[in-house]
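J.: Here is my input; please provide its structure:
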Amino acid sequence: MDPTQVLGDISKYVLGVNHGPWSDLGAGNIKPAADSGITFLRWPGGSWGDHNDIRPSYVDNYIAVARNIMAAEPSITVRMAGSTPAQAAQLVTYTNTGKRYGVRYWSIGNEPSLFYQEFANWNPARYANEWREFALAMRAVDPTIILTGPDIHQFVGDPVPVPQEDQARDYLAAFLKTNADLVDIVTVHRYPFPVDFRCQTCPYPSKAMLRDNTPEWDRIIPNLHKFIREATGADKRVGLTEFNSHTSNAAGGKTSPDSFYNGIWLADVLGRLIKQRPEIITYWMLKSRTAGHGLMDSYNLRPSYYVYQMYRRFGNQLVFSFSPAQYVSLLAAKQPDGGLTLMLINRGEPPVSLPLQIHGGDSLKLVQAYLFDAAHNAEAVPLPAFQNGDVVGLPPESVMLLLLK
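T.: Below you'll find the predicted structure:
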């Protein structure tokens, strides 16, 4: 790796999650949420907002969680299907004029590319035109709001579409053609499993399938930028506002979203996305009472929670890094005080030993090390002796964070 090759700042909103009124925090969730390192909340995430009007009391409770408990940037998604531009504008009025909450990030509807499954007579053109009506009504109330969208249900963007993308690219193309002048951040979703997104009883992916999926995420953000440029002739900031490995709500499987190996998958995917420097990344989701999705349930922390404990210590200025090993990823960033953070992810089963070479790093000293694996929950571990070029040992299926100064 080369700390002299600075690739740019990492957005502070890459450590985001979805949250919603159906899964409010209980007493046992308050401290873990406060300590989570989450910096951005998307609310109400998922399809709940397509079927329910947001009450003022919901907004009040949400802002209290975002600002007072988690110190996270709040965003709000207004209802689209079954609602009107006037109702959306009224919500902005209540939030930013009446209560003066100053919520900057807003979106309109969730996964419109799946509206046809539940609502009649939706198509890409209708969605794009109605989104514009909502956006103009909301901006008339508060011209400073930042609009994100269209939050299509799947996007990979490869030359040959994956089966799950279905109509998603058609919705994205129509949206950009109609609303490129209004949207500030173009946002999409991605769940790689099951391959047939309509299948409600498909088994979980094998561990090998999860392991081999992560390189796909190197392409998603560049493909999205390419799609935007081809559709509009210019580029835009982008974000991934929902992602997880699997759409199923089940839990307790060896590779279900609440599993340890899903945590390894998440660590590698998050690192690959951060390298592409999107504006927003929001995991699905903060808390789930019974489903496997979520950093926590009502009483317990899931392995995915500890992935964010690792990344909350990561630097904010991305620098060049590269790993030649098939199942080992390396991500590097500088901290504001000049410290250098390295995230090493071994998603393979065997332990790995690799030389770590830092360009111009002979004077650096290892001062902290943290480990997430089957035996360590993002815990500080004894410092190994290290000089530039030494071999670093990675346990099986592990994430190691090193801080050097």
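J.: what residue ranges in this structure score low on pLDDT?
T.: 197-198, 200 (pLDDT under 70).
J.: Domain-wise, how is it divided?
T.: Taking automatic domain parsing as the reference, the chain has its domains at 11-312, 318-404.
J.: Phi and psi next, for residue 26.
T.: Here is the backbone geometry of residue 26 (degrees, to the nearest 10): phi -100, psi -180.
J.: Any idea which of the domains of the chain gets closest to residue 5?
T.: domain 318-404 (3.7 Å; CB to CB). Glycine gets a C-beta too; all of them are placed from N, C-alpha and C.
J.: so how far is the first residue of that closest one from its last?
T.: 15 Å (CA to CA, to the nearest Å).
J.: any idea how far it is from the chain center?
T.: In terms of CA atoms, centre = their mean, to the nearest Å, the centre of domain 318-404 is set 23 Å apart from its chain centre.
J.: again, but for stretch 122-138
T.: Going by CA atoms, centre = their mean, where stretch 122-138 is centred and where its chain is centred differ by 25 Å.
J.: try stretch 75-91
T.: On CA atoms, centre = their mean, the centre of stretch 75-91 falls 23 Å from the chain's centre.
J.: Then stretch 85-99?
T.: That offset, for stretch 85-99, works out to 27 Å (CA atoms, centre = their mean).
J.: quick one: buried residues of that stretch?
T.: 85, 87, 88, 89, 90, 91, 92, 94, 95, 96 (16 or more other CB atoms under 10 Å).
J.: export the residues you listed to CSV and tack on distance to residue 171 and secondary structure?
T.: Below are those laid out as CSV (distance: CB to CB, whole Å; DSSP: H, G, I helix; E, B strand; the rest coil):
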residue, distance to residue 171, secondary structure
85, 19, helix
87, 22, helix
88, 19, helix
89, 23, helix
90, 26, helix
91, 23, helix
92, 24, helix
94, 29, helix
95, 27, helix
96, 28, helix
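J.: Turn those into a markdown table, including distance to residue 52.
T.: Compiled in a markdown table, these are given as follows (distance: CB to CB, whole Å):
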| residue | distance to residue 52 |
| --- | --- |
| 85 | 18 |
| 87 | 12 |
| 88 | 14 |
| 89 | 18 |
| 90 | 15 |
| 91 | 12 |
| 92 | 17 |
| 94 | 16 |
| 95 | 16 |
| 96 | 21 |
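J.: What is the subsequent helix or strand relative to the longest helix seen in the chain?
T.: What stands out as the longest helix in the chain, according to DSSP state H, is helix 124-141. Using DSSP states H and E, the helix or strand that follows helix 124-141 in sequence is strand 146-152.
J.: quick check: angle from the longest helix of the chain to strand 146-152?
T.: Here helix 124-141 runs at an angle of 160 degrees relative to strand 146-152 (axes from the mean of the first three to the mean of the last three CA atoms, to 10 degrees).
J.: I'd like to know which elements helix 124-141 is packed against.
T.: Contacts defined by 3 or more CB pairs under 8 Å, 6 or more residues apart in numbering; DSSP states H and E place helix 124-141 against helix 85-92, strand 105-108, strand 146-152, helix 168-179.
J.: among the ones you listed, which is the most enclosed?
T.: Highest mean neighbour count among those (mean count of other CB atoms under 10 Å): strand 105-108, with a mean of 26.
J.: and that strand, how far from the chain's centre?
T.: 16 Å.
J.: Give me the residues contacting the helix or strand hosting residue 222.
T.: For residue 222, the host element (DSSP H and E) is helix 217-232. Counting contacts by CB atoms under 8 Å, 6 or more residues apart in numbering, the residues outside helix 217-232 that touch it are 155-158, 169, 172-173, 176-177, 180, 186, 188, 190, 234-236, 238, 240, 269, 272-273, 275-278.
J.: now do 7 Å
T.: Residues from elsewhere that reach helix 217-232 (CB atoms under 7 Å, 6 or more residues apart in numbering): 155-158, 172-173, 176-177, 180, 186, 188, 190, 235-236, 238, 269, 272-273, 276, 278.
J.: and after it, which helix or strand comes next?
T.: strand 237-243.
J.: returning to that earlier point: ranking the domains of the chain by burial, who's on top?
T.: Buried most deeply of these, by mean count of other CB under 10 Å, is domain 11-312, with a mean of 19.
J.: Ends of that domain, what's the gap?
T.: Using CA to CA, one end of domain 11-312 lies 12 Å from the other.
J.: cool, stretch 31-40 as well?
T.: 17 Å.
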